[in-house]
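Chemist: Got a predicted structure plus its sequence, pasted below:
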Amino acid sequence: MAKPDLSIIVPVYNVEKYLEKCILSILKQEYREFELILVDDGSTDRSLDVCIQYSRCDERIHVIHKENSGVMNARKAGFLYSCGRYISFIDSDDWIEPKFYNGLVECMAIGCDAVLMAGYRIDGVKNKQVRTGLRQGVYCKSEIRQMLAKGIVSSLWSKLFKRELLENNLSLIDSRVWRGEDFLTSYACLLDADNIMVKNSYQYHYVQHTTSAMHQYSDKNIENLHYFVKNAKCIRKRKESSFLDVVWNRQILMELLDVIRKEFEVRDWLLSWKEIDEMDRKFSRIRFSHLLLGEGLKTVSEVMTEKEMWIFKLYSIRAYILLNLYLKYLNKSVWSK
């Protein structure tokens, strides 16, 4: 098989219910010059078997099996194995329409460093078409920076990258970040791009379901937030991108809001003393002043929409009141340390 122009990397973890549809949608692409790299991240279901089964039927498919170490490590492993000039990431529970890569590869062929999709479709509870708000066209470096300052859809599956962008930036991303890693990767890469293309395309189907990582609670949420902020600060310094502080802080606050929301979704209002101590230990690690970049809290009003601000206040106040009512005996305050 000749060296392909396009490498499609799919991290796989316990998605046997959705994986076959994802793989078949890639194999049905009208654009044929690609390699498909399936990276099984230590699945405990039949996902690896599905990968191996399809690899025996198509020489373009390569399977990597590794111990479970997170989605970022899976993407890095897939990238190291890949040989294409252009790199695409697809989530293993999503699927794409047959013409998805046609226009994207054409855009890269004219010399773009990356291609961003102007939209996508959500399958699941609410089937809908989502527009990113970006106009179709080519953007130079100064325009890219303006675009990033306004905020973009940060998911990696909504982009096609020139190989060099990932070679220079994947190593900057902390593999311990399992949520928000696509945000860090997208911004690190696009800050290096000289020109990009935004293309009107709604041929990617994001499958929304309650078992996805975005909808699951884990005790590692606060640990992830810690590594996310640390990594964001590192990239901000290295890329000299303080002009993005509002965007960085908005993402950090959204991550924090999600940590608080998930913490209370899995608990009753009546807590045992053991649970109270556990929550205090977790939330006492959160410091607004240390979390936010640059001007910090000064940018909060710029960072969030009015609706998001009220939601954030609601959960923050709920967390504050609950913890402080129960923790008076410790004379501790979640937000004041």
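Modeler: Perfect, thanks for sending it.
Chemist: All the helices of the stretch 1-150 of the chain, in order from the start?
Modeler: With DSSP state H, counting those that start in this stretch, the ranges of helices along the stretch 1-150 of the chain come out as 16-27, 47-55, 71-81, 100-109, 141-150.
Chemist: What lies in contact with the fourth one?
Modeler: The contact list for helix 100-109, computed with C-beta atoms under 8 Å, 6 or more residues apart in numbering, reads 5-6, 29-31, 34, 85-86, 88, 115, 117, 160, 162, 197, 199, 201, 203-204. For the C-beta atoms, the positions are set from N, CA and C on the backbone; glycine is no exception.
Chemist: what does the shortest one give?
Modeler: Surrounding helix 47-55, the residues in contact under the criterion C-beta under 8 Å, 6+ apart are 12-16, 19-20, 23, 27, 38, 40, 61-63, 65, 92.
Chemist: Please pick the buried ones from the residues you listed.
Modeler: 12-16, 19, 23, 27, 38, 40, 61-63, 92 (16 or more other C-beta atoms under 10 Å).
Chemist: Mind putting those residues into TSV with distance to residue 246 and pLDDT?
Modeler: Shown next, in TSV, are the buried ones among the contacts of helix 47-55 (distance: C-beta to C-beta, whole Å; pLDDT from 0 to 100):
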residue	distance to residue 246	pLDDT
12	35	97
13	33	96
14	36	96
15	35	96
16	41	95
19	38	97
23	40	98
27	42	98
38	38	98
40	39	98
61	42	98
62	41	98
63	42	98
92	33	96
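Chemist: Give me the neighbour count for residue 117.
Modeler: 23 (other C-beta atoms under 10 Å).
Chemist: Residue 153 versus that one, what's the distance?
Modeler: Going from residue 117 to residue 153 by C-beta to C-beta, to the nearest Å gives 8 Å.
Chemist: so where's this structure uncertain?
Modeler: Residue ranges of the chain with pLDDT under 70: 1, 125-127, 210-219, 257, 259-337.
Chemist: Residue nearest the middle of it, spatially speaking?
Modeler: residue 182 (3.1 Å; C-alpha atoms, centre = their mean).
Chemist: Looks like that one contacts residue 154 (just checking).
Modeler: Yes: counting by C-beta atoms under 8 Å, residue 182 does reach residue 154; the two are 5.5 Å apart.
Chemist: re earlier: of all the contacts of helix 47-55, which comes closest to residue 231?
Modeler: Nearest to residue 231 among the contacts of helix 47-55: residue 13, at 21.2 Å, using C-beta to C-beta.
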